[in-house]
Structures are given as C-alpha cells and as structure tokens.
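[1] Need a 3D model of the sequence below.
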Amino acid sequence: MSAVIPDPSPAQDDPVVRLITVSASYGAGGSVVAPALAERLGLPFLQRVTTSEGHPAEPGPCDERLTEEEIKATPVHRLLASFTQAMPAGPTVSPPSTHHQDRHHRAHGEAGIQRLLAGGGGVILGRAAAVVLGKDRGFHVRLDGPPERRIAQGAEVEGISEEEARARLRAADKARTAYVRRLYRRDPADAALYHLVIDSTAMPLGTVIDLVVAAARAHAAPVLESSDNR
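    Sure thing, here's the model as predicted:
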C-alpha cells in the first residue's frame, strides 16, 4: 500500500469541473486526496473546520469533533442521542445554549463554503458539504475502507505507529459522524449523499485522485451535451 502520489499530468483537466466535495473517514486519505484534487484542477481548497474563522468575539473553535457533552456521555446516552439525531427534524428538546452553539457552528462551517461558491468553486474537505449543497450542486465523493486498512494507511500518511493510528481512527470517526448528525441530522456514511463512493484503501491514492477527476468530468459532461442539443 502506498500513499505516494504521482506527479500530476501536464495536460490541463477539463475546466468544467468547478466544485468537488470530499467526505472521508479516518485513514481513507481525505487529507491527501482533497488538496491534491484542488491542485490538479487549479481550484481553491477549503479544509475541514479546524478553528474559528470568524470575528474573535464569536464562539470558537468549532472543530469537527465531539462536544464536551458527547465526550462525557455514557454509551447508553450516546446510543439514545444517535436515535434522536437520526429522527426527522422537528421540535427539539436541546437546551437553548446548545441551539445557539449549533447555529453558530453551522453558520461558521457554511460561511467558508459560501465564500468558495462566490469565488467560482473549489474542493471542499469535510464540513458536511455534500449535505449543505445537495446533489444538484457539485460532485460529492466519499472515501472509506475497512478499519484495519484505514489504520495502516493513516499510520503511513501521518508517519505514526499503527497503535496511534488506531486511537485516532476511533476518535476521528466518532467526532466526524457526531458533527454531521448533531448539526444536520444526517449520517455522513450514507452513500445516498454522494455521487461516488470509493474504498480508497484498495488502491494507491494517486489512482483515487485520477478516478475522482475522471468521474467528476463524466458527471458534468451530460449536462453540457444536453444543453448543446437544445
């Protein structure tokens, strides 16, 4: 298994590809694939929510991580919370302070997406971007794979031991899932959210990048063809 990415082809990729979102579980290579896609296509790159990008007076940081309440919750409480979060949106029973924080976190994460859209597009990693944009805007990709292979790939990409990678997988997968469920009541692993789902542990990440570029171009092509034939 190799995380080495070959040099991009000197040929220019089709400029019709303007917006790609990448959702990735830990060790699936999202932190490698997404910025490489942006570089390949000559597009801006928007990373995961990692720090407050707003005014210093605003609440922050609002990482894609567990809240203090989620960390403290017992397994039973987390199970009940997951059932509640999976339910359709409706009257809520969360404390007002939690509502305020969630609204801020959503606005914070979505502000970067909107800035990217205003600039003409880009590649977005995380931020529940596929949920925010919907399938009619952009090309949405999910990277995943068997846990043991993601652990091995995560260790290689980050230059850490597999034991450390195993701990990071547990924490990161839980946090990223909680982020999307808490703010959007959706499961980020739901294949219906994406145009393309890849086991990115089953092939070199350079091949994954090639596949995403080819699929994104093919996804856009029918739209152009149908317009030309009218």
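
[2] now the strands: where do they sit in the chain?
    19-24, 45-46, 122-125, 139-144, 196-199 (DSSP state E).

[3] Which strands and helices lie in contact with the third one?
    Other helices and strands packing on strand 122-125, by 3 or more C-beta pairs under 8 Å, 6 or more residues apart in numbering; DSSP states H and E, are strand 19-24, helix 30-41, strand 45-46, helix 96-118. Backbone N, C-alpha and C define where each C-beta goes, glycine included.

[4] can you rerun that using 6 Å?
    Applying 3 or more C-beta pairs under 6 Å, 6 or more residues apart in numbering; DSSP states H and E, we find strand 122-125 packed against strand 19-24, helix 30-41, strand 45-46.

[5] so which of the ones you listed comes closest to residue 149?
    strand 19-24 (13.5 Å; C-beta to C-beta).

[6] That closest one versus strand 139-144: what angle between them?
    20 degrees (axes from the mean of the first three to the mean of the last three C-alpha atoms, to 10 degrees).

[7] Dump the C-alpha coordinates for strand 19-24 into PDB.
    Provided in PDB are the C-alpha atoms of strand 19-24 (Å, rounded to 0.1, in the frame of the first residue of the first chain):
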ATOM      1  CA  LEU A  19     -16.900  22.100  -7.400                       C
ATOM      2  CA  ILE A  20     -16.000  18.800  -5.600                       C
ATOM      3  CA  THR A  21     -16.700  17.800  -2.000                       C
ATOM      4  CA  VAL A  22     -14.800  15.100  -0.200                       C
ATOM      5  CA  SER A  23     -16.100  13.300   2.900                       C
ATOM      6  CA  ALA A  24     -13.600  10.800   4.400                       C
END
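
[8] Nice, that's everything, thank you.
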